[in-house]
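Student: Quick check, what structure comes out for this input:
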Amino acid sequence: MKIEVEDISPVMKRLTIEVPQEEVAELVDSLYRELKKEVAIEGFRKGKVPESVLRQRFGKRVMSDVAKNLVERTYPEAMGEKGYKPVSAPDIEIKMCEEGSPFTYTALVQIRPVVDVRGYEDIECEKVEVEVTDEDVEKSLEQLRQSYGEFQEVEREACKGDMVVVDVELSSGGERLEGGAKGYRFILGESARFPEFDTTTEGLESGDTASFKKSFPEGYHDKLVAGKEVEFHITVRSVKEKVLPALDDRFAKTVGFDTIDELKDRVREELLRAKEKVEKDRIRGEIMDKLMEENPFDIPPSLVDNYFRQIVSNIMEGVRKGVIDPAQQPLNSEEFKARYMGVAEKQARGDIILDAIAEKEDIAVSDEEVEGLIKDMAERRGESPEELRENLLNAGIMDAIMDGMRREKVFDFLLKGGNK
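Tutor: As a prediction, this is how the structure comes out:
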């Protein structure tokens, strides 16, 4: 097999690959022998069809199979021989695929850059000691307490923080509109669909009525009100006050602890862990910025696209689970690219640098470390380690998990001062 390489850029190569005529002929003969065993043609017994008839009937199909077979076999061999690590599927163009001639094709491929990382051996960053104050613990406990609060109906005027339950009717130009709502509820000052709900209902009691007007642009997504001035007629059904539990042992038992002191200790531990992660992420960003500045290199566009698609996928999953507010995200693909493509490129560059250091310093993840991570993940998810391992393998993400573990070990190595 002959391989010629055209260097289009450090991360894009065009390989011209030629397979000898003898190898092509051997494959062609093999395919016709298999074909002869399988096909049945009227006028001939199975297995007795002359090769000339087979060539006439199936010549194009056989040569198409030849091309597919040879590309699938020789392309990985060529990548291995040249030491290239492709980051996307190649663009294949068949140049010659005829009996009696060598098989020739080109493969345009984007490859992972080879980076000899400099400047990491003695990299330094200012580290800030983190601490958790009593005030931090109290704030966190109050947030937890708020999440366990219950709304109870009260006979008084609505004020901020109350849940207000209303019936809503709509009209425009004196004519009633379809839509509206029965039992629409919102937290005054926090969660109403339109701010006018807050300003209109504050100070009202159960049974009170009020209204407000709101104009909607022509392009508004709800066609019922698009381009209209709409009057919202509101009837307050109930006002509910949030009643909070006392921070005592009884509350601690509600969230899985025996005493309030045990709960406070756990809150302090979690806060410390969270602050340490924030600090570690800050240092990581500072270190990676320095290494990227010290080690410029070309990066294949398809690799950045892969990272970008993963970012978008993670955001969509967060929206689906309700942990990301869709209103805070871009509205279309162009806005997504404008906001996140630079993030994707930075992530790709950082991972390439960390992987290069791992290879240079022979940093790897042991089987024991992988098993330990799977065990921890399984405990948090309430699964068995065996079940989780099988699920990760079936999902095809085990390699990504190991890559992440190795990069984390590299970063710990850098935090300790490299190989000083």
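
Student: Name the residues of whichever strand in the chain runs longest that come out as buried.
Tutor: Counting residues, the longest strand found in the chain (DSSP state E) is strand 229-243. Using 16 or more other Cβ atoms under 10 Å as the test for burial, strand 229-243 gives 230-241. (C-beta placed from N, C-alpha, C; glycine too.)

Student: One more: stretch 209-222?
Tutor: Those buried within stretch 209-222 under the rule 16+ other Cβ under 10 Å are 210, 212, 216.

Student: Which elements pack onto the one helix or strand the second one maps to?
Tutor: Under DSSP states H and E, the secondary-structure element containing Phe212 is strand 209-215. For strand 209-215, the helices and strands in contact under the criterion 3 or more Cβ pairs under 8 Å, 6 or more residues apart in numbering; DSSP states H and E are helix 195-201, strand 229-243.

Student: Turn these into JSON lines, including mean pLDDT.
Tutor: Below are the helices and strands packed on strand 209-215 laid out as JSON lines (pLDDT from 0 to 100):
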{"stretch": "helix 195-201", "mean pLDDT": "94"}
{"stretch": "strand 229-243", "mean pLDDT": "96"}
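
Student: Secondary structure class of Gln110, three-state.
Tutor: At Gln110 the chain is in strand, as set by DSSP: H, G, I helix; E, B strand; the rest coil.

Student: Please name the residues that touch it.
Tutor: Contacts for Gln110 (Cβ atoms under 8 Å, 6 or more residues apart in numbering) come out as 11-12, 86-88, 300-303.

Student: ok, it to Arg339 distance?
Tutor: Going from Gln110 to Arg339 by Cβ to Cβ, to the nearest Å gives 24 Å.

Student: show me where the stretch 51-200 of the chain has helices.
Tutor: 51-82, 134-147, 195-201 (DSSP state H, counting those that start in this stretch).

Student: Between the ones you listed, which one is closest to Lys277.
Tutor: helix 134-147 (14.7 Å; Cβ to Cβ).

Student: pLDDT (mean, whole number) over the closest one?
Tutor: Mean per-residue pLDDT for helix 134-147: 94.

Student: And for stretch 355-370?
Tutor: 93.

Student: Could you give the separation between the terminal residues of it?
Tutor: Using Cα to Cα, to the nearest Å, one end of stretch 355-370 lies 18 Å from the other.

Student: list the helices and strands the helix ranked longest in the chain packs on?
Tutor: Ordering each helix of the chain by length in residues (DSSP state H) puts helix 260-294 first. Using 3+ Cβ pairs under 8 Å, 6+ apart, the elements in contact with helix 260-294 are helix 134-147, helix 249-254, helix 333-361, helix 398-415.

Student: can you do 6 Å?
Tutor: Counting contacts by 3 or more Cβ pairs under 6 Å, 6 or more residues apart in numbering; DSSP states H and E, helix 260-294 packs against helix 134-147, helix 249-254, helix 333-361.

Student: Deepest in the core, which of those is it.
Tutor: helix 333-361 (a mean of 17; mean count of other Cβ atoms under 10 Å).

Student: Which neighbouring elements make contact with it?
Tutor: helix 260-294, helix 301-321, helix 398-415.

Student: Just want the angle from it to helix 260-294.
Tutor: 90 degrees (axes from the mean of the first three to the mean of the last three Cα atoms, to 10 degrees).

Student: a markdown table for the helices and strands packed on helix 333-361, including distance to Arg61, mean neighbour count and mean pLDDT?
Tutor: Listed next are these as a markdown table, based on distance: least, Cβ to Cβ, whole Å; neighbours: other Cβ atoms under 10 Å; pLDDT from 0 to 100:
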| stretch | distance to Arg61 | mean neighbour count | mean pLDDT |
| --- | --- | --- | --- |
| helix 260-294 | 51 | 15 | 93 |
| helix 301-321 | 32 | 15 | 90 |
| helix 398-415 | 36 | 16 | 91 |
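
Student: Which of those sits closest to Glu4?
Tutor: Taking those one by one with Cβ to Cβ, helix 301-321 is closest: 22.5 Å.

Student: Which other helices and strands does that closest one contact?
Tutor: Partner elements for helix 301-321 (3+ Cβ pairs under 6 Å, 6+ apart): helix 333-361.

Student: again, only this time at 10 Å
Tutor: strand 103-110, helix 333-361 (3 or more Cβ pairs under 10 Å, 6 or more residues apart in numbering; DSSP states H and E).

Student: neighbouring contacts of it?
Tutor: Helix 301-321 is contacted by residues 11-12, 86-89, 109-113, 299-300, 323-330, 333, 336-337, 339-349, 351-352, 400 when judged by Cβ atoms under 10 Å, 6 or more residues apart in numbering.

Student: how does it look with 8 Å?
Tutor: 87-88, 110, 112, 324-326, 329, 336-337, 340-341, 343-345, 347-348.

Student: As CSV, could you dump the C-alpha coordinates of that helix?
Tutor: The C-alpha coordinates for helix 301-321 follow below in CSV (Å, rounded to 0.1, in the frame of the first residue of the first chain):
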residue,chain,number,x,y,z
PRO,A,301,-13.0,22.7,13.3
SER,A,302,-14.8,19.4,13.5
LEU,A,303,-13.4,18.8,17.0
VAL,A,304,-14.7,22.2,18.1
ASP,A,305,-18.0,21.3,16.6
ASN,A,306,-18.1,18.1,18.7
TYR,A,307,-17.6,20.1,21.9
PHE,A,308,-20.2,22.7,20.8
ARG,A,309,-22.8,20.0,20.2
GLN,A,310,-22.1,18.5,23.6
ILE,A,311,-22.5,21.9,25.3
VAL,A,312,-25.9,22.3,23.5
SER,A,313,-26.9,18.8,24.4
ASN,A,314,-26.1,19.5,28.1
ILE,A,315,-28.1,22.7,28.0
MET,A,316,-31.1,21.0,26.5
GLU,A,317,-30.9,18.2,29.1
GLY,A,318,-30.8,20.9,31.8
VAL,A,319,-33.8,22.6,30.4
ARG,A,320,-35.7,19.3,30.2
LYS,A,321,-34.9,18.5,33.8
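
Student: from the middle of its chain, how far away would that helix be?
Tutor: 4 Å (Cα atoms, centre = their mean, to the nearest Å).

Student: Turn the buried residues of strand 229-243 into a markdown table, including distance to His221.
Tutor: Formatted as a markdown table, those follow (distance: Cβ to Cβ, whole Å):
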| residue | distance to His221 |
| --- | --- |
| Val230 | 14 |
| Glu231 | 20 |
| Phe232 | 18 |
| His233 | 22 |
| Ile234 | 22 |
| Thr235 | 26 |
| Val236 | 28 |
| Arg237 | 27 |
| Ser238 | 30 |
| Val239 | 31 |
| Lys240 | 30 |
| Glu241 | 34 |
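
Student: Which single one of these is nearest to Val128?
Tutor: Of the buried residues of strand 229-243, the one sitting nearest to Val128 (Cβ to Cβ) turns out to be Glu241, at 41.9 Å.
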